[in-house]
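Asks: compute the structure for the input listed below.
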Amino acid sequence: MNTAPANIKAIIWDMGGVLIRTENRQPRTALAARYGLTYEMLESIVYGSRSAGQATIGSISSEEHWKSVQSLLKIPDESLEDFKNEFWGGDELDKALVKRIDQLRPEYKTALLSNAWDDARENVGRKHEFLYAFDVSVFSAEVEMAKPNANFYEWMLDQLQVSADEAIFVDDMLENVIAAIDLGIHGIRFIDREQTIKDLQAMVSF
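Replies: Numbering: from 1, shown residues only. Predicted structure coming up:
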């Protein structure tokens, strides 16, 4: 965390690993075992593969990415939706943190800056309720840019109409926080809710 001046106007949040976290590893662990994989191997296929990266910047659709996963793991057509549901079965929305974020307004602008596929907004709207807490929300596939690309952060600053030194960025991925800091944005690495709130309280009224 870097010390912020008193002119903060906006706080920008990551989604995965911050607002939505895998609190129960058992569903994904069991799913991986059925396909002869470790938890980490399965995550690498779903999140770290070439097609996942392409879907993150909107070069291909999420459907095309899942077809790649399906082909690699030989998942039957009729089992693909169940596979997805089980993969995300241990994920939970941090409702308490979302409530605190919503309370930042109107003193501060709030934003969501997430690396996610083209169906993320629809999926989030169906499974969780938290986009109401943000003045601006964007998923990387929607604008064909992803963290840690500097252009993605700058796009958000333009939307919020704030300068880099007027914003704080919160993310669980260190490289994404460093990229924000390199642009002059104040960065906080998310470890857990309590630590993040404490770090923010040292910088803003939170």
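
Asks: what's in contact with the strand or helix carrying residue 151?
Replies: Element membership for residue 151 (DSSP states H and E) is helix 150-160. Applying C-beta atoms under 8 Å, 6 or more residues apart in numbering, the external contacts of helix 150-160 come out as 9-10, 12, 109, 111, 113, 135-136, 138, 140, 143, 145-147, 163-164, 167, 169, 179-180, 182-183, 185. (Glycine included, C-beta is placed from N, CA and C.)

Asks: ok, now with 7 Å
Replies: Residues from elsewhere that reach helix 150-160, judged by C-beta atoms under 7 Å, 6 or more residues apart in numbering: 10, 12, 109, 111, 113, 136, 138, 140, 143, 145-146, 163-164, 167, 179-180, 183, 185.

Asks: buried stuff in the helix or strand bottoming out on mean pLDDT in the chain?
Replies: Ranking every helix and strand in the chain by mean pLDDT, DSSP states H and E puts helix 120-127 at the bottom, with a mean of 91. Residues 120-121, 124 are the ones in helix 120-127 that count as buried (16 or more other C-beta atoms under 10 Å).

Asks: now do stretch 135-143
Replies: With burial defined by 16+ other C-beta under 10 Å, the residues of stretch 135-143 counted as buried are 136-141.

Asks: so which of the residues you listed belong to helices?
Replies: The helices, defined by DSSP state H, take in 140-141 from the buried residues of stretch 135-143.

Asks: can you put the buried residues of stretch 135-143 in TSV and add distance to residue 67 and pLDDT?
Replies: Compiled in TSV, the buried residues of stretch 135-143 are given as follows (distance: C-beta to C-beta, whole Å; pLDDT from 0 to 100):
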residue	distance to residue 67	pLDDT
136	31	98
137	27	98
138	25	98
139	20	98
140	20	98
141	16	98
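
Asks: nearest to residue 64, of the buried residues of stretch 135-143?
Replies: residue 141 (11.5 Å; C-beta to C-beta).

Asks: ok, now which ones touch that closest one?
Replies: 55-58, 116-118.

Asks: and these as JSON lines, adding distance to residue 23, secondary structure and neighbour count?
Replies: Formatted as JSON lines, those follow (distance: C-beta to C-beta, whole Å; DSSP: H, G, I helix; E, B strand; the rest coil; neighbours: other C-beta atoms under 10 Å):
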{"residue": "55", "distance to residue 23": "24", "secondary structure": "helix", "neighbour count": "25"}
{"residue": "56", "distance to residue 23": "23", "secondary structure": "helix", "neighbour count": "25"}
{"residue": "57", "distance to residue 23": "28", "secondary structure": "coil", "neighbour count": "17"}
{"residue": "58", "distance to residue 23": "29", "secondary structure": "coil", "neighbour count": "18"}
{"residue": "116", "distance to residue 23": "19", "secondary structure": "coil", "neighbour count": "21"}
{"residue": "117", "distance to residue 23": "22", "secondary structure": "coil", "neighbour count": "24"}
{"residue": "118", "distance to residue 23": "26", "secondary structure": "coil", "neighbour count": "19"}
